[in-house]
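# task: produce atomic coordinates for the following.
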Amino acid sequence: MTPPLSLTIQVKDPDWADLPAALDDAQALGVAMAELPLHALDVIFGGRIQPRRLAAVRRICADRPLGYVLHGHLGINLMEEAFRLPLHLEVLRANIEAAAALECRNLVIHSGFVPTSQAAGIEAAFDRQREHLSRMGDVARDHGVTLCVENIFEFTGIKATALPGRLARELRAIAHPNVMATFDISHGWLHCGQWGADFLEEAQALAPLSRHLHLHDSFGRPNDFWTYTVTEMLAFGVGDLHLPMGWGSIPWAALAEGCEWPEDLVADVEVNHRYRSAFPEAIATSRAWVERLKLAPAPFARAAE
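Purely as a prediction, here's the structure:
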């Protein structure tokens, strides 16, 4: 069976006046699912859900022929200093509860990051992340949610985070069926470009753990010099551009041919809304690519939901 396509939903109004139309667009474009942006919905305050606001979002999403996944708060960082971690865990727990209330099967959170430092400090941060992901995986399991940890890249140049292959090793060490990966393929392309890593080798390591995909394109060049506008970034082909598949330089055919993916993945089209006119093309191209993927059982058995 072909994995379902999802579309990232953009919300700008703090009271979600634009959410119904965005979901209407997703339906009209023929995707099966929508990725809701919890980080833009203003339903969690100080680590606590405001029930009436969450209920209002739930009403907007109800009674539609769409399944849902949820992108959690980008600031959650389980590699943080120990004194900050209780707050991050509190916010993550509220994210899990919101995902369950909105009937979202996957909750996307970002992989942790730390300031560059001695290797021992970076490894200690990875230790913290493994410990807390394992514990929060139990919370996610109890809510019928899978935490899907997204690879990012060193967007400031002064913070360390996991390459796709390192994230794969971390997840295999945790070995929890409710703690899997979101493989943001363009992020991996950029990160490998920063470090000169072999992108296909890194992708082959993470793909079997990737229950969630973010599909968008770029040129694998970090935005490490000044440009005036996004249009100039496009001209130079630098940064996290979120282009439709095929507009950048990611080797999509080699990924489809050389990687193995979980049978129950969700493939989310995460294209920048400045290219809204190209959404039909982006979805058609993404669907054709997903149909080529080699699927296999996930390495950890999923807990009963």
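# what helix or strand is residue 108 located in?
When elements are assigned from DSSP states H and E, residue 108 belongs to strand 104-110.
# hmm, who's touching stretch 282-300?
2-3, 5, 7, 29-31, 172, 175-177, 180, 208-209, 211, 215, 244-246, 252, 256-257, 259-265, 267, 269, 271, 275 (C-beta atoms under 8 Å, 6 or more residues apart in numbering). Where you see a C-beta, it was placed from the backbone N, CA and C, and this is true even at glycine.
# I should have written stretch 217-232 there, sorry.
Contact with stretch 217-232 is made by 153-154, 157, 186, 189-190, 192-194, 199, 233, 236-250, 274, as judged by C-beta under 8 Å, 6+ apart.
# drop anything exposed from the residues you listed.
153-154, 186, 189-190, 192-194, 199, 233, 237-245, 247-248, 250 (16 or more other C-beta atoms under 10 Å).
# all strands of the stretch 151-300 of the chain, in order?
Counting by DSSP state E, counting those that start in this stretch, the stretch 151-300 of the chain has strands at residues 159-161, 179-184, 210-215, 260-262, 266-269, 294-296.
# tell me which of these lies nearest to residue 103.
strand 266-269 (13.7 Å; C-beta to C-beta).
# elements contacting that closest one?
strand 5-8, strand 33-37, strand 210-215, helix 279-290 (3 or more C-beta pairs under 8 Å, 6 or more residues apart in numbering; DSSP states H and E).
# which stretches in the stretch 1-150 of the chain count as strands?
Under DSSP E, counting those that start in this stretch, the stretch 1-150 of the chain gives strands at 5-8, 33-37, 44-45, 48-49, 67-71, 104-110, 113-115, 146-150.
# could you dump the ones you listed into CSV with mean pLDDT added?
Below are those laid out as CSV (pLDDT from 0 to 100):
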stretch, mean pLDDT
strand 5-8, 98
strand 33-37, 98
strand 44-45, 98
strand 48-49, 98
strand 67-71, 98
strand 104-110, 97
strand 113-115, 89
strand 146-150, 98
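# point out where the protein drops to low pLDDT.
Along the chain, the model assigns pLDDT under 70 to residues 156-158, 301-305.
# for it, which helix is longest?
helix 119-142 (DSSP state H).
# from the middle of its chain, how far away would that one be?
Distance of helix 119-142 from the chain centroid (C-alpha atoms, centre = their mean, to the nearest Å) equals 18 Å.
# tell me what angle it forms with strand 179-184.
Taking axes from the mean of the first three to the mean of the last three C-alpha atoms, to 10 degrees, one finds helix 119-142 and strand 179-184 inclined to each other by 110 degrees.
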